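Asker: Whatever this is, show me its structure:
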Amino acid sequence: MFLYQSESEEEEYVPAVMRRPKVANHTIHESFTADTRDHEDHTFCGVMFDIQCKGQEDGAVPVEFMLITCLAVRGDLGPMTVWTTPGSYKKKEHAKEKWECIYEAEHTPSRQNYEPLNLVSPIRLQPGESCGVYVHSQLAGDDALVYDNQRASVTHEDAILKVLPGQAHLSNRPFGRHGMWGFPWRERREFVGRVSYGVNYILWNPVADVHHRFPPAFKEAAWLLLLCARKPESPLYWLHDEVLYYILNMCKYDWFSNQARLCTTSRHERPLRKWPWPH
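Answerer: Here you go, the predicted model:
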């Protein structure tokens, strides 16, 4: 057994190949921006919707967690706040005590370009988890925030997250119970804007529960390397299994895939139409 020369003989030296990390040791391993559809259907004061971090049952890539760092919206904006609640926004429309305010700032109008709302407290979700998000403006009138009619069961989806439809808020008071025309909520509405997030990936290890979370191409490559290492005529024959494990541990989940690597689709930002629109 190897020992550090400068340390006590009781402290064992463990080679790097035996100390494989289980997750990427960066807070954020890779960052993405997800653009939602933008049909310029409506404007008013706010929108509530759910965001989900996809789990293994949804065919998600192997991530430890995702971290939502910024939302971007457009409209006349004004005094903006962003709120979040665990699970879902549903049945919490007026339960302010169940929400946490994670952003508050004044913004000038931005009708043509998305204005970033950089979250003071990023939203962290693990695979299979979801949260409700509430973006709101206290600006008087009905031009503060652009949103859309619901057109599908999912507003946006990529390999890691889903943005789901929600409802619009017609009151310029956060969680207000009275709108300009009575009841303040409009169902079947969609968030319009961008969601910026980072991910922390799970790293491959020779453990069944971890191995099975990786794509088929990665699993096949892992088996192929280990089988080649059993052949005396292969250069890999001279490497210990622990060395091969260490090499695979440093490979990203999509390195052995022929498919295009994870990316999100950017949509052209069109200028807003003339106000007002139906709500």
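
Asker: Against Thr84, how distant is Ala60?
Answerer: 21 Å (Cβ to Cβ, to the nearest Å). Using the backbone N, CA and C atoms, a C-beta is placed for each residue, glycine as well.

Asker: One more: Asp209?
Answerer: Using Cβ to Cβ, Asp209 is found at 30 Å from Thr84.

Asker: And for Asn172?
Answerer: 20 Å.

Asker: Point me to the helix or strand that includes Glu106.
Answerer: Using DSSP states H and E, the element containing Glu106 is strand 100-107.

Asker: quick one: the helices in this structure?
Answerer: Taking DSSP state H as the criterion, the chain contains helices spanning 208-211, 216-228, 241-249.

Asker: In TSV: these, plus distance to Cys70.
Answerer: TSV is the format used below for these (distance: least, Cβ to Cβ, whole Å):
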stretch	distance to Cys70
helix 208-211	30
helix 216-228	30
helix 241-249	31
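
Asker: Figure out which of the ones you listed is closest to Glu115.
Answerer: When the helices of the chain are compared by Cβ to Cβ, helix 216-228 sits nearest Glu115, at 39.1 Å.

Asker: Let me know the angle separating the closest one from helix 241-249.
Answerer: If you take axes from the mean of the first three to the mean of the last three Cα atoms, to 10 degrees, helix 216-228 sits at 160 degrees to helix 241-249.

Asker: Point out the other helices and strands that helix 216-228 packs with.
Answerer: On a contact count with 3 or more Cβ pairs under 8 Å, 6 or more residues apart in numbering; DSSP states H and E, helix 216-228 meets helix 241-249.

Asker: Packing partners of the helix it packs on?
Answerer: helix 216-228.

Asker: if we can go back for a sec, of all the helices of the chain, which one is nearest Ile160?
Answerer: Nearest of these to Ile160, taken as Cβ to Cβ: helix 216-228 at 16.6 Å.

Asker: Give me the contact list for the closest one.
Answerer: 204, 211-212, 214, 234, 236-237, 241, 244, 247-248, 251, 253-258 (Cβ atoms under 8 Å, 6 or more residues apart in numbering).

Asker: In the stretch 151-279 of the chain, where is pLDDT below threshold?
Answerer: For the stretch 151-279 of the chain, the stretches with pLDDT under 70 are 259-279.

Asker: Now Ile123: closest residue in space that isn't a chain neighbour?
Answerer: Spatial nearest neighbour of Ile123, excluding adjacent residues (Cβ to Cβ, 6 or more residues apart in numbering): Ile68 at 4.0 Å.

Asker: any idea how this structure splits into domains?
Answerer: 30-200, 203-249 (automatic domain parsing).

Asker: and Glu64, what does it touch?
Answerer: Counting by Cβ under 8 Å, 6+ apart, Glu64 makes contact with Val23, Ala24, Gln126, Asn200, Tyr201, Ile202.

Asker: Tell me which other helices or strands the longest strand along the chain touches.
Answerer: Longest strand of the chain, by residue count under DSSP state E: strand 110-125. Strand 110-125 sits against strand 46-53, strand 63-75, strand 78-86, strand 100-107, strand 130-137, strand 194-201, with contacts defined as 3+ Cβ pairs under 8 Å, 6+ apart.

Asker: Now with 6 Å, please.
Answerer: strand 63-75, strand 100-107 (3 or more Cβ pairs under 6 Å, 6 or more residues apart in numbering; DSSP states H and E).

Asker: returning to what we had before: any chance of the helices of the chain in a markdown table, plus mean neighbour count?
Answerer: Listed next are the helices of the chain as a markdown table, based on neighbours: other Cβ atoms under 10 Å:
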| stretch | mean neighbour count |
| --- | --- |
| helix 208-211 | 12 |
| helix 216-228 | 15 |
| helix 241-249 | 17 |
